[in-house]
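Undergrad: Structure for this input, please:
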Amino acid sequence: MSKKFFGTDGIRGEVGTYPITPDFMLKLGWATGKVFASKGDGKILIGKDTRISGYMFESALEAGLTSAGMDINLLGPMPTPAVAYLTRTFQAQAGIVISASHNGFQDNGIKFFSAEGTKLPDEVELAIEDEMEKALSTVDSGEIGKASRIVDASGRYIEFCKSTVPGNLSLKGLTIVLDCANGATYHVAPNVFRELGAKVITIGTEPDGLNINDECGSTKPEKLAAKVKEEKADLGIAFDGDGDRVAMVDHKGEILDGDELLYIIARYKLGKLGLKDQGIIGTVMSNLGLEIALKELDIPFRRTKVGDRYVMSELLTRKWLFGGESSGHIICLDSTSTGDGIISALQVLTATQVLGESLFDLKSGMTKFPQTMINVRISDKKALEDNAVIRASVEKAEAELGNTGRVLLRPSGTEPVVRVMVEGENESQVNKLASQISEVVAAEMEKNVA
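TA: So this is what the prediction gives:
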């Protein structure tokens, strides 16, 4: 059964456009409360990032949940992975995050976590959607839920982050620039790295409700790279607005994406520490250079569809611990239950300290292949799949690339476009082939419309 509202990462959209409206959030809170109240006594935690609409939606969810008889704990601005952790430690039935992740302030959304700090199972999301179809009703006055605020949430999470690295690890002597994207990590991340001994210089730590992810953070790390060079810092770390993604910058100002960070973590955890029966999970978008570099280390590598939900599912199936995406969403199941930007950065820093190599030196073991992606508008995904002309153009490009490249046509799950990705050793060849395939796709889609 397909879901009406929930996507691969909760519910997200433009504020004021259905379903990202106060009345929908009120009903969603009520429906969620009805589902979890039926499971027995308990509470639900609510956290949010720093975008201005978070206050509005927090109030709406609070009203809906309490009207269904659920008690709630308010966390205020907290990273998404912090909500996952606190949901576990407070033994709550669920955690809710009000965030649109790396999007601008004009968007917002809702993410849910289970009692175990993982994404909600499909059956629970479907049950919430079923309740949404019913008329809202309020429990008897004596059964209305209570709301309270957890005042030491950030301190608890800071200590948890520090606990994921060896107790004798010291970052003393390191100068680190942090870019918190004017988002949920602004009051947490600087303290984590300072308390571990580093000298911390910050940017993106002055949220005003409107500047989250605005030309900063892990999706726009150029400002961080410039600051690292200006300050002559050892490295830089950038998070996205809700703190589940990370990008890093070495002392030369070169940016490391999720593939390179995952390689460093794998080299340390699976190579140096020699964890047995383990491999790395990436996605169809993971750079071919990662796959080749891991093969040279005799580390198995497998790909899934794009989305941390799919990476997590494959990790659990294989009983592996590490996986991630090029975007910087990295999962370290030996440390926590979900993707966590701060914890992922700490694992990379641990690798630099234990292996005695700089970020620049560690990443040199992996050579990224040039990768080009072009979005082409389409009207019918099925027409794309069944088109012999498009298939022939892809096969021709694959033959030209040989064993040192890839072609991928991936329809977007959120937009009427197909993403044409070509990857190979030669950048000019990659660009040429991506353009050729894109032109064929566009021409064939025009015929289909006609």
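Undergrad: helices or strands next to the longest helix along the chain in the packing?
TA: Of all segments of type helix in the chain, defined using DSSP state H, the longest is helix 427-449. Helix 427-449 is packed against strand 371-377, helix 381-385, helix 388-401, strand 405-411, strand 417-424, with contacts defined by 3 or more C-beta pairs under 8 Å, 6 or more residues apart in numbering; DSSP states H and E. For glycine as for every other residue, the C-beta is placed from the backbone atoms N, C-alpha and C.
Undergrad: Now find how far off-centre stretch 245-263 is within its chain.
TA: For stretch 245-263, the separation from the chain centroid amounts to 15 Å (computed by C-alpha atoms, centre = their mean, to the nearest Å).
Undergrad: Keeping just the C-alphas, turn it into PDB.
TA: This file holds the C-alpha atoms of stretch 245-263, laid out as PDB (Å, rounded to 0.1, in the frame of the first residue of the first chain):
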ATOM      1  CA  ARG A 245      25.100  15.600   7.000                       C
ATOM      2  CA  VAL A 246      28.800  16.600   7.000                       C
ATOM      3  CA  ALA A 247      31.400  17.900   4.600                       C
ATOM      4  CA  MET A 248      35.000  18.500   5.500                       C
ATOM      5  CA  VAL A 249      37.900  20.700   4.300                       C
ATOM      6  CA  ASP A 250      41.600  19.900   4.500                       C
ATOM      7  CA  HIS A 251      44.400  22.400   5.400                       C
ATOM      8  CA  LYS A 252      44.800  23.200   1.700                       C
ATOM      9  CA  GLY A 253      41.200  24.200   1.400                       C
ATOM     10  CA  GLU A 254      40.200  21.200  -0.600                       C
ATOM     11  CA  ILE A 255      36.600  19.900   0.100                       C
ATOM     12  CA  LEU A 256      36.000  16.300   1.000                       C
ATOM     13  CA  ASP A 257      32.500  14.900   0.300                       C
ATOM     14  CA  GLY A 258      30.700  12.000   1.900                       C
ATOM     15  CA  ASP A 259      32.400   9.400  -0.300                       C
ATOM     16  CA  GLU A 260      35.900  10.500   0.800                       C
ATOM     17  CA  LEU A 261      34.900  10.700   4.400                       C
ATOM     18  CA  LEU A 262      33.400   7.200   4.200                       C
ATOM     19  CA  TYR A 263      36.600   6.000   2.700                       C
END
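Undergrad: Out of the helices and strands packed on helix 427-449, the one nearest K305 is which?
TA: Closest approach to K305 among the helices and strands packed on helix 427-449 (C-beta to C-beta): strand 405-411, 8.5 Å.
Undergrad: Enumerate the positions of the closest one that are buried.
TA: Under the neighbour-count criterion of 16 or more other C-beta atoms under 10 Å, strand 405-411 has 405-407, 409-410 buried.
Undergrad: Stretch 371-388 too?
TA: Neighbour-count burial for stretch 371-388 flags 371-372, 374, 376, 378, 384, 387 (criterion: 16+ other C-beta under 10 Å).
Undergrad: Now distance to D234 too, for these, in a markdown table please.
TA: What follows is the buried residues of stretch 371-388, written out as a markdown table (distance: C-beta to C-beta, whole Å):
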| residue | distance to D234 |
| --- | --- |
| Q371 | 28 |
| T372 | 32 |
| I374 | 37 |
| V376 | 42 |
| I378 | 46 |
| L384 | 47 |
| N387 | 51 |
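Undergrad: Closest one to D23 out of these, please.
TA: For those, the residue nearest D23 by C-beta to C-beta is I378; the value is 33.3 Å.
Undergrad: Which of the helices and strands packed on helix 427-449 has the lowest mean pLDDT?
TA: Per-stretch mean pLDDT for the helices and strands packed on helix 427-449 is lowest at helix 381-385 (a mean of 78).
Undergrad: Provide a list of residue ranges in this protein with pLDDT below threshold.
TA: The model of the chain has pLDDT under 70 over residues 1, 413-414, 449-450.
Undergrad: domains in it, as residue ranges please.
TA: If you go by automatic domain parsing, the domain ranges for the chain are 11-151, 156-255, 256-363, 371-449.
Undergrad: what's near enough to touch the residue nearest the centre of the chain?
TA: Note on the chain: the residue nearest the mean C-alpha position is H329, at 4.1 Å, using C-alpha atoms, centre = their mean. Residues in contact with H329, defined by C-beta atoms under 8 Å, 6 or more residues apart in numbering, are 244-245, 258, 308, 311, 339.
Undergrad: Any of those buried? List them.
TA: Listed as buried from the contacts of H329 are 244-245, 258, 308, 311, 339; burial here means 16+ other C-beta under 10 Å.
Undergrad: Could you save those as CSV and add columns showing secondary structure and distance to I20?
TA: Below are the buried ones among the contacts of H329 laid out as CSV (DSSP: H, G, I helix; E, B strand; the rest coil; distance: C-beta to C-beta, whole Å):
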residue, secondary structure, distance to I20
D244, coil, 19
R245, coil, 21
G258, helix, 27
D308, helix, 21
V311, helix, 26
G339, coil, 23
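Undergrad: any idea which of the residues you listed is closest to I176?
TA: Checking the buried ones among the contacts of H329 against I176 with C-beta to C-beta, the nearest one is R245 at 17.5 Å.
Undergrad: which one is that closest one nearest to, not counting chain neighbours?
TA: G328 (4.0 Å; C-beta to C-beta, 6 or more residues apart in numbering).
Undergrad: residue contacts, the one you found?
TA: 218, 240, 245-247, 257-258, 261, 341, 344.
Undergrad: how about it, secondary structure?
TA: Of the three states, G328 takes coil under DSSP: H, G, I helix; E, B strand; the rest coil.
Undergrad: Would you mark the buried spots in stretch 320-336?
TA: 320-333, 335-336.
Undergrad: ok, so of those residues, who is nearest K199?
TA: Nearest to K199 among those, with distances taken as C-beta to C-beta, is G328, at 23.6 Å.
Undergrad: now that closest one: how far from G243?
TA: Distance from G328 to G243, counting by C-beta to C-beta, to the nearest Å: 11 Å.
Undergrad: can you list residues touching both of those two?
TA: Here G328 and G243 share the contacting residues G341, scored by C-beta under 8 Å, 6+ apart.
Undergrad: Let me have the buried ones among the contacts of H329 in TSV, adding distance to I212 as columns.
TA: Listed next are the buried ones among the contacts of H329 as TSV, based on distance: C-beta to C-beta, whole Å:
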residue	distance to I212
D244	14
R245	13
G258	20
D308	20
V311	25
G339	18
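Undergrad: out of the residues you listed, which one sits closest to S438?
TA: Closest approach between the buried ones among the contacts of H329 and S438, by C-beta to C-beta: G258, at 24.9 Å.
Undergrad: In contact with that closest one, which residues?
TA: By C-beta under 8 Å, 6+ apart, the contact set of G258 is 245-247, 324-330.
Undergrad: so I46 is in which element?
TA: Element membership for I46, per DSSP states H and E: strand 43-48.
Undergrad: now swap in F160 and tell me
TA: Per DSSP H and E: helix 153-163 holds F160.
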